[in-house]
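# I would like to see how this sequence folds:
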Amino acid sequence: MPPLDLAVIGGTGLYRLAALTGVQAVEGDTPYGAPSGPVRVGQLAGRRVGFLARHGEGHSLPPHRVNYRANLWRLKDLGARRVLAVNTVGGITDAWGPQVLGLPDQLIDYTWGRTSSFWDGEGGEVLHVDFGEPYTPSLRAAVLAAANKAGVALVDGGCYGATQGPRLETRAEIARMRRDGCDLVGMTGMPEAGLARELGLDYACLAIVANWAAGCGDAAEITLEEVLANVEAASAGLPGLLEALLG
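Numbers count the residues shown, from 1 in each chain. This is a model prediction of the structure:
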């Protein structure tokens with residue numbers, strides 16, 4: 001099978017890429033176990049694109065149970081060199097309100113207990129990758145240029161705070177994250193970004209703001225219906241952005 005020109009990982013509310021044509025499913029285990037589900041490989045803008053639903057196509061996997069190593073390994077094994085990760089997040093600072101799309105450039109990892117490296121000392125090397133810039137600058141620049149070409153508004157830059165989940169955060173936790181410099185909060189940003197770096201993949205996060213985080217904006221009790229409606233609205237420009245990115 002020819003290598004992928006782009007791999008897309010879909011988060012909550014994004015379980016398929018309708019614009020893909022001639023789709024084939026790639027299934028099976030990896031040396032690190034089973035991925036979240038099949039990689040749907042097809043054509044978009046004349047290029048080969050693979051799509052993987054991070055939580056499973058039926059949203060059956062909570063953030064702390066996602067096999068991030070198997071997911072990234074499968075995408076690399078399919079020849080992907082660029083991975084665009086779509087993450088559904090909550091907004092903390094003013095620029096990151098519901099239905100906003102953005103490209104963070106930094107992150108803080110608040111997760112715990114997740115398998116966070118391929119280099120775990122079990123019979124292999126132990127490597128320490130440079131992670132000062134957690135998202136690949138060249139891919140971020142390409143996504144920003146594609147968004148501009150497609151007329152899709154993006155927030156450029158911001159700090160993603162990755163929490164453990166699956167529960168949402170308390171107001172005090174979000175206040176702490178704001179003091180730490182976080183602009184948005186999600187549950188799947190790590191260890192995914194770090195594992196992509198270990199595999200030498202270009203990786204960028206396209207964050208979709210589904211709601212205000214606790215105590216921010218006009219935050220009220222968050223409902224799944226609200227989250228999914230905001231993700232759908234914010235995702236409307238995604239096909240055009242991907243076509244421009246692949247063009």
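
# just checking, what packs against the longest helix along the chain?
Determined from DSSP state H, the single longest helix within the chain is helix 137-150. Counting contacts by 3 or more Cβ pairs under 8 Å, 6 or more residues apart in numbering; DSSP states H and E, helix 137-150 packs against strand 82-91, strand 101-103, strand 202-212, helix 238-246. (C-beta placed from N, C-alpha, C; glycine too.)

# let me have the ones you listed in JSON lines, extended by mean pLDDT, distance to Met187 and mean neighbour count.
As requested, the helices and strands packed on helix 137-150 are exported to JSON lines (pLDDT from 0 to 100; distance: least, Cβ to Cβ, whole Å; neighbours: other Cβ atoms under 10 Å):
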{"stretch": "strand 82-91", "mean pLDDT": "97", "distance to Met187": "9", "mean neighbour count": "26"}
{"stretch": "strand 101-103", "mean pLDDT": "96", "distance to Met187": "17", "mean neighbour count": "22"}
{"stretch": "strand 202-212", "mean pLDDT": "96", "distance to Met187": "12", "mean neighbour count": "25"}
{"stretch": "helix 238-246", "mean pLDDT": "95", "distance to Met187": "21", "mean neighbour count": "20"}
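
# right, so of those, which gets closest to Leu168?
Leu168 lies closest to strand 82-91 among these, at 7.5 Å (Cβ to Cβ).

# end to end, how far does stretch 225-243 reach?
29 Å (Cα to Cα, to the nearest Å).

# quick one: that stretch to chain centroid distance?
Distance of stretch 225-243 from the chain centroid (Cα atoms, centre = their mean, to the nearest Å) equals 14 Å.

# ok so, going back, what mean pLDDT does the longest helix of the chain get?
On average, the pLDDT along helix 137-150 is 98.

# now do it against helix 238-246, angle only.
Angle of helix 137-150 versus helix 238-246, following axes from the mean of the first three to the mean of the last three Cα atoms, to 10 degrees, is 120 degrees.

# just checking, what packs against the least confident helix or strand in the chain by mean pLDDT?
Among the helical and strand segments of the chain, the one scoring lowest on mean pLDDT, DSSP states H and E is helix 224-234, with a mean of 86. Contacts defined by 3+ Cβ pairs under 8 Å, 6+ apart place helix 224-234 against strand 202-212.
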